[in-house]
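J.: sequence below, structure please.
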Amino acid sequence: MGEADQPLAGMTLNERLFARGLFDRFDKARSSVDRDALRAILIEIEVSDVESTIDQLLEPDRS
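T.: Residues are numbered from 1 along each chain as shown. The predicted structure is shown next:
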């Protein structure tokens with residue numbers, strides 16, 4: 001698991017999730033399209049533009 005006091009600045013989203021031990025919680029929230037849970041996680045890992053990030057995460061694949 002990650003370290004709760006590890007600085008998050010400069011980390012990618014995945015690195016931040018790993019550092020806080022939130023991968024499973026994040027995956028569950030994303031697969032169930034739980035915007036409130038995603039919002040709480042993104043705030044916890046200090047993502048700056050939470051709403052835009054949620055929109056991007058839940059956007060259907062365009063491939």
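J.: OK, contacts around residue 53?
T.: 13, 42, 47 (C-beta atoms under 8 Å, 6 or more residues apart in numbering). From N, CA and C alone the C-beta is placed, and that goes for glycine too.
J.: element containing the second one, please.
T.: Here residue 42 sits within helix 35-44, counting by DSSP states H and E.
J.: which other residues reach that helix?
T.: 17, 20, 22, 25-26, 28-30, 50-51, 53-54, 57-58.
J.: which of those are buried? Put it as a PyMOL command.
T.: Buried subset of these, written as a PyMOL selection, criterion 16 or more other C-beta atoms under 10 Å:
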select buried, resi 17+20+22+25+26+29+30+50+54
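J.: just the buried ones from the contacts of residue 53?
T.: 42, 47.
J.: please convert the contacts of residue 53 to JSON lines, extending it with distance to residue 34 and pLDDT.
T.: Shown next, in JSON lines, are those (distance: C-beta to C-beta, whole Å; pLDDT from 0 to 100):
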{"residue": "13", "distance to residue 34": "17", "pLDDT": "95"}
{"residue": "42", "distance to residue 34": "12", "pLDDT": "98"}
{"residue": "47", "distance to residue 34": "16", "pLDDT": "95"}
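J.: out of the contacts of residue 53, flag the one nearest to residue 7.
T.: Nearest to residue 7 out of the contacts of residue 53 is residue 47 (C-beta to C-beta; 14.4 Å).
J.: hmm, residue 16 and that closest one touching each other?
T.: Yes. In this structure, residue 47 is within contact of residue 16 by C-beta atoms under 8 Å, at 7.5 Å.
J.: between those two, which contacts overlap?
T.: Joint contacts of residue 47 and residue 16 (C-beta under 8 Å, 6+ apart) do not exist.
J.: where are the low-confidence patches of the chain?
T.: Across the chain, residues meeting the criterion (pLDDT under 70) sit at 1-6, 61-63.
J.: most centrally placed residue in this protein?
T.: The residue lying closest to the centre of the chain (C-alpha atoms, centre = their mean) is residue 42, at 4.5 Å.
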